[in-house]
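Peer 1: have a look at this prediction, sequence included:
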Amino acid sequence: MSKIEGKTGSARQLEELEHRLADIKEELALREADLAVKSREVEESTAHQAATAEVLAIISKSPSNVQPVLDKIATIACRLCEADHASIYLVRDGACHLKASLADPEFVELLRNNPLPLNSNFITARAANEKRVMHIPDVKASRSDFDLTLAVRSKSGSLLSVPLQHDGEPVGAITIGRRRAQAFADNHIELVKTFADQAVIAVENVRQFKEIQIRLKHEEATSEILQVISRSRDDEQPVFDVILENATRLCDAPLAYLRLCNEERTQLEIAAHSGTRTEFINFVRDHPLPLDGTQSATARAVLEMTVIQTADLADDPLYRDKQPHRVQAVDVEGMRTLLNVPLIAGDKAIGVIALYRREVRVFDERQIELVRTFAAQAVIAIQNVRQFKALERLNAELGDRVEEQVGEIERMGRLKRFLPSAVADTVVSQGSDKMLSSHRALLGVLFCDIRGFTAFCETAEPEETIEVLQTYHEEMGKLINAYGAGVDHRTGDGIMVLFNDPLPCNDPAGDAVRLAIAMRERMAELGVQWKRLGYRLGFGVGVSLGYATVGMVGFEGRFDYTASGTAINLAARLCDEADDGEILLSPRAGIAVEDAYQVETKGKISLKGIREPLEVFRLTGAAAT
């Protein structure tokens, strides 16, 4: 009995072992399956990372060309997402344009020739426009509002479109498809999203690179033009030529001309041109464009000081009305799209730069802004040349003036060598030597000298004599200048002063008396100082009023402007008769000043050189008020 029971226990243990072995095998199978899944995931992840790295490497090698990047993304996306075709579109001018594709050649040609409007219902357009992933697992079973025309043409069973966007704006879309109806897995969708981000990076890199290149070209062109401006101070033509050369090259418009307003601002005349046909340029030279605003957009651009672009001249009413300038432009020159940018100087336009194409293709904002810059530089060149020429004219005028003034200065120097300064100044200011010739004039004549000077010279040291004489002439000279005398002559201690010639005055006798009083007062002060030094010196004055002959006398190298006649002799004799501090007046001088001053007669006196005794007057003070 125990033997049988033992066998039964062994069988039970064996059965338990078999169950356990089966469990282990099942667990191993599960682990192997899980390991296979994880291995596939690792392989996929590795493949995705490798693909991402490969795309990034191409991006770094293609800073100026996005095409290699898009081609590689399309190829890798098609392979890793198990798709039969892949296409990448970029948005431009409101439509999705095919840029890269792995599909049947006929289908690719169809897509290239037919951009997808951004607001259409094609899956690609909607993904880009709505900026969200579009997924159709089964095209045939789809009941959505997508336009599936292209899906049918491409024989697609499943479609996936992922948007490309930058800063919230649509850039394009990646669309992949399978001929079989099989939904794309989440990891495939995420992978395409990654490729979409990389495509945006590539597009932006190329855009920024091209912007930098364009900006550098623009700056280079601007620098070149400024250099030409600096070298062409007297001629704007080289500047116009280099402006048009750069404008046509950088704005993709091989044809251009520059017109300037004529002086009357009635018409626009050709100043420079590039690429134009000879027949057309001859016509516009012979037929300047009227500046009335009704004939053309070019004239209106100048009058309105604004940029005017005409998309197609053939559709312009002026062409349909057979306006001559427009007919020449379209039929002879072949113009279609025309851009007019005014040259604005201050508050008006002085001309215009016109760029045009022989096909209908409008200029973009960047090109328009560049031409604005060129227009401003053209204005700088024009103004520089005008200022330079004006400066040349001014310099020529100044040269003539300087030469004339140098002549006057030399003449003044010659005159002052032999004429009193006042006389020389008057001659120069009048521009004529006529006044130097002999003529008659009514003069107020003052003669003065130092009383006791001859005796002083006999006893004093020469240095003392010179010092007294120097002080006397210096102080009297100041007063003569201050009182506006015309001429003074000095000989030793004697001084003759003339009033009313060559500098006219209203009261020659009164002016002479006022100067005499001032001289007497100053000499009284000097007399006090000299008395302390032991010098006994006085001062006397004679004043006359009368006609005398005045003019220049002398010889080459030594001339004098002097006067002669009875009035001159009389003043000198009165001075001789005057006591210390006394001012003696001739009869005519006394009568001339009696209303302003107190005078008294000294009786009749016989004067040397005067035929009859003459009544002489003495100045006693100012008239009572």
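Peer 2: Now that the structure is in, tell me what you want to look at. Numbers count the residues shown, from 1 in each chain.

Peer 1: which pLDDT value belongs to the residue nearest in space to the middle of the chain?
Peer 2: Centroid-nearest residue in the chain, with Cα atoms, centre = their mean: Ile380, separated by 7.0 Å. pLDDT, Ile380: 86.

Peer 1: can you pull the contacts of it?
Peer 2: The neighbours of Ile380, taking Cβ atoms under 8 Å, 6 or more residues apart in numbering as the test, are Ile229. Any C-beta I mention is one placed from the backbone N, CA and C, and that applies to glycine too.

Peer 1: helix, strand or coil for it?
Peer 2: Here Ile380 takes the helix state, with states given by DSSP: H, G, I helix; E, B strand; the rest coil.

Peer 1: and the helix or strand harbouring Glu474, what's buried?
Peer 2: Using DSSP states H and E, Glu474 sits within helix 462-482. By neighbour count on 16 or more other Cβ atoms under 10 Å, the buried set for helix 462-482 is 464-465, 468-469, 472-473, 476, 479-480.

Peer 1: contact partners of stretch 310-318?
Peer 2: Here stretch 310-318 makes contact (Cβ under 8 Å, 6+ apart) with 295-297, 319, 325-326, 329-330, 335-338, 360, 362.

Peer 1: can you give me the first-to-last residue distance of that stretch?
Peer 2: End-to-end distance for stretch 310-318: 12 Å, by Cα to Cα, to the nearest Å.

Peer 1: average model confidence for it?
Peer 2: For stretch 310-318, mean pLDDT rounds to 86.

Peer 1: got the buried residues for it?
Peer 2: Applying a neighbour-count criterion of 16+ other Cβ under 10 Å, one finds 310, 312-314, 316, 318 buried in stretch 310-318.

Peer 1: show the subsequent helix or strand relative to the lowest-mean-pLDDT helix or strand in the chain.
Peer 2: Least confident helix or strand, the chain: helix 421-430 with a mean of 66, by mean pLDDT, DSSP states H and E. Where DSSP H and E defines the elements, the next helix or strand beyond helix 421-430 is strand 439-451.

Peer 1: quick check: buried residues in that following strand?
Peer 2: Using 16+ other Cβ under 10 Å as the test for burial, strand 439-451 gives 441-451.

Peer 1: likewise stretch 380-396?
Peer 2: Within stretch 380-396, the residues that count as buried by 16+ other Cβ under 10 Å are 380-382, 384-385.

Peer 1: tell me the strands beside the strand ranked longest in the chain, with direction?
Peer 2: Longest among the strand segments of the chain by residue count, using DSSP state E, is strand 538-555. Strand 538-555 sits in its sheet next to strand 439-451 (antiparallel), strand 558-564 (antiparallel), strand 583-585 (parallel), going by DSSP bridges.

Peer 1: nearest to Thr124, out of those strands?
Peer 2: Thr124 lies closest, by Cβ to Cβ, to one member of the strands paired with strand 538-555: strand 558-564, at 107.1 Å.

Peer 1: mind checking the pLDDT average for that closest one?
Peer 2: The model assigns strand 558-564 a mean pLDDT of 76.

Peer 1: repeat for stretch 607-615
Peer 2: What stretch 607-615 shows for mean pLDDT is 88.

Peer 1: list the buried residues for that stretch?
Peer 2: In stretch 607-615, counting by 16+ other Cβ under 10 Å, buried: 607, 614.

Peer 1: distance across that stretch, terminal residue to terminal residue?
Peer 2: Per Cα to Cα, stretch 607-615 runs 10 Å from first to last residue.

Peer 1: run through who's touching that stretch.
Peer 2: Here stretch 607-615 makes contact (Cβ under 8 Å, 6+ apart) with 566, 569-570, 573-574, 576-577, 586-587, 601-606.

Peer 1: okay, and which of the residues you listed map to strands?
Peer 2: Within the contacts of stretch 607-615, residues falling in strands by DSSP E are 601-605.

Peer 1: how about the residues you listed in TSV, adding distance to Ala127 and neighbour count?
Peer 2: Below are the ones in strands among the contacts of stretch 607-615 laid out as TSV (distance: Cβ to Cβ, whole Å; neighbours: other Cβ atoms under 10 Å):
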residue	distance to Ala127	neighbour count
Thr601	129	12
Lys602	130	15
Gly603	134	9
Lys604	134	11
Ile605	132	14
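
Peer 1: now the residues you listed as a markdown table including distance to Gly275?
Peer 2: A markdown table is the format used below for the ones in strands among the contacts of stretch 607-615 (distance: Cβ to Cβ, whole Å):
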| residue | distance to Gly275 |
| --- | --- |
| Thr601 | 105 |
| Lys602 | 105 |
| Gly603 | 109 |
| Lys604 | 108 |
| Ile605 | 105 |
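
Peer 1: could you dump the buried residues of stretch 380-396 into JSON lines with distance to Leu370 added?
Peer 2: Formatted as JSON lines, those follow (distance: Cβ to Cβ, whole Å):
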{"residue": "Ile380", "distance to Leu370": "16"}
{"residue": "Ala381", "distance to Leu370": "17"}
{"residue": "Ile382", "distance to Leu370": "19"}
{"residue": "Asn384", "distance to Leu370": "21"}
{"residue": "Val385", "distance to Leu370": "23"}
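
Peer 1: closest one of these to Val284?
Peer 2: Val284 lies nearest to Ile382 out of the buried residues of stretch 380-396, by Cβ to Cβ, at 19.6 Å.

Peer 1: residue contacts, that closest one?
Peer 2: With contact set as Cβ under 8 Å, 6+ apart, Ile382 has these partners: 236, 260, 343, 345, 350-351.

Peer 1: state the pair within those residues that is farthest apart.
Peer 2: Among the contacts of Ile382, Glu236 and Ala345 lie farthest apart (Cβ to Cβ), at 12.6 Å.

Peer 1: of the two, who's got more company?
Peer 2: Glu236 (26 against 16; other Cβ atoms under 10 Å).

Peer 1: quick one, strands of the stretch 101-250 of the chain?
Peer 2: Assigned by DSSP state E, counting those that start in this stretch, the stretch 101-250 of the chain shows strands spanning 116-117, 134-136, 158-166, 169-178.

Peer 1: what's the longest one packed up against?
Peer 2: With contacts defined as 3 or more Cβ pairs under 8 Å, 6 or more residues apart in numbering; DSSP states H and E, the packing partners of strand 169-178 are helix 67-80, strand 85-92, strand 95-102, helix 123-130, strand 158-166, helix 186-231.

Peer 1: please repeat the previous calculation with a cut-off of 7 Å.
Peer 2: Packing partners of strand 169-178 (3 or more Cβ pairs under 7 Å, 6 or more residues apart in numbering; DSSP states H and E): helix 67-80, strand 85-92, helix 123-130, strand 158-166, helix 186-231.

Peer 1: same check, this time on the first one
Peer 2: The contact analysis (3+ Cβ pairs under 7 Å, 6+ apart) places strand 116-117 against strand 95-102, helix 123-130.

Peer 1: what's the first one in contact with?
Peer 2: Around strand 95-102, the neighbours that count as contacts under Cβ atoms under 7 Å, 6 or more residues apart in numbering are 67, 70-71, 74-75, 78, 85-90, 108, 111-112, 115-118, 124-125, 128, 172-173.
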